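Student: next comes the sequence, and after it the predicted model I'd like to discuss.
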Amino acid sequence: MEREYEETIDLREILFLLKNNMLSIIASTLVCAILGFLVTSFLITPKYEASATMIVNSQQTQSSNNLTNDMLTTAKNLVATYGIVVTSDTVLDQVISGLGLNIDYETLAKRVSVTAVDSTQVMKIAVQDENPAQAKAIVAKIVEIAPDIIQDAVEAGSVKVISDARVGENPVSPNKVTNTAIAGLVGLALSVGFVFLKEMLNNTFKGDDDIQKHLGFTVLGVIPY
């Protein structure tokens, strides 16, 4: 009669398996982390970010002395609308032609982001580029062109520049620490998975415990190695 059994691995076997393969797991983790660091440092081109801030008003004649909660709420909601105008081809095509950039609208639009600062009526226009000077020039050109186009498109509101274009000294991407950590975790997961897969595919008897577990025979004696 064929004997059917279900193979199970308890916690003790898992810990014993990991302990026996600890060196290979650590080595794989370190190798992947080092590779991630090297790839991030030498193969990925760093990108710099330049940004400027503009304040959104719900009315063109609005002043700080007569602001109401409704006006502030309307201005906050207009940030999303103004962001669409800023990243439109109407603005960015003029930026490309004005700076003589050798890129198309779709490429530049992917580098431009418009966000509200802490859910306020202040919006931040940011541009990422491999050339920090070019990123700053693009932002400066946007804040120069965008206000007039916004006022023409959205007659009920206006924007004013709070801070001019600035670029950070350090690149914003890639993040060496994050990429190194992710590569190390990937190496750890792959090495542990390989150890378990190798164990599951190993159908040999490695000791008298396997004889009792899989065949149900009682071991009467063991020949020493």
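Tutor: Arrived safely. Numbers count the residues shown, from 1 in each chain.

Student: can you give me the helices for the chain?
Tutor: Assigned by DSSP state H, the chain shows helices spanning 11-20, 22-42, 69-86, 89-99, 105-111, 132-153, 176-201, 208-214.

Student: what's the closest of those helices to Val117?
Tutor: helix 69-86 (9.0 Å; CB to CB). (Each C-beta comes from the backbone N, C-alpha and C, glycine too.)

Student: what mean pLDDT does the closest one have?
Tutor: Across helix 69-86, the average pLDDT comes to 73.

Student: equivalent analysis for stretch 154-161, please.
Tutor: 72.

Student: show the end-to-end separation of stretch 15-29, please.
Tutor: Start and end residues of stretch 15-29 are separated by 18 Å (CA to CA, to the nearest Å).

Student: how distant is that stretch from the center of its chain?
Tutor: Relative to its chain's centre, stretch 15-29 lies at 30 Å (CA atoms, centre = their mean, to the nearest Å).

Student: same thing with stretch 139-153?
Tutor: In terms of CA atoms, centre = their mean, the centre of stretch 139-153 is found 29 Å from the chain centre.

Student: what lies in contact with that stretch?
Tutor: 50-52, 54, 60, 82, 85-86, 90-92, 94-95, 98-99, 112, 125-127, 157-161, 164-165 (CB atoms under 8 Å, 6 or more residues apart in numbering).

Student: what subset of the residues you listed is buried?
Tutor: 50-52, 54, 82, 85-86, 90-92, 94-95, 112, 125-127, 157-159, 161, 165 (16 or more other CB atoms under 10 Å).

Student: hmm, Lys136 is touching Glu169, no?
Tutor: No. Look at Lys136 against Glu169 with CB atoms under 8 Å: they stay out of range, at 11.8 Å.

Student: so the two - more neighbours on which side?
Tutor: Lys136 (22 against 6; other CB atoms under 10 Å).

Student: who are the contact partners of Gly187?
Tutor: Shown in contact with Gly187 (CB under 8 Å, 6+ apart): 28-33.

Student: in space, what's closest to it - neighbours in sequence excluded?
Tutor: Distances taken as CB to CB, 6 or more residues apart in numbering place Cys32 nearest to Gly187, at 2.6 Å, with adjacent residues excluded.

Student: distance of the one you found relative to Thr180?
Tutor: 9 Å (CB to CB, to the nearest Å).

Student: which residues of the chain score low on pLDDT?
Tutor: 1-10, 58-76, 155-157 (pLDDT under 70).

Student: ok, 80 please
Tutor: 1-10, 13, 57-78, 119-120, 153-159, 206-207, 209-210, 213-214, 225 (pLDDT under 80).

Student: verify the stated contact: Tyr105 with Val95.
Tutor: No. Using CB under 8 Å, Tyr105 is not in contact with Val95; the gap is 9.4 Å.

Student: relative to Thr120, which of the helices of the chain is closest?
Tutor: helix 69-86 (6.8 Å).

Student: sorry, back to before: now the contacts of Gly187: which count as buried?
Tutor: Using 16+ other CB under 10 Å, the buried ones in the contacts of Gly187 are 28-29, 32-33.

Student: pick out the most distant pair among those residues.
Tutor: Ser28 and Ala33 (9.6 Å).

Student: rewinding a little: point out the most buried one among the helices of the chain.
Tutor: Neighbour counts averaged per stretch over the helices of the chain are highest for helix 132-153, at a mean of 19; criterion: mean count of other CB atoms under 10 Å.
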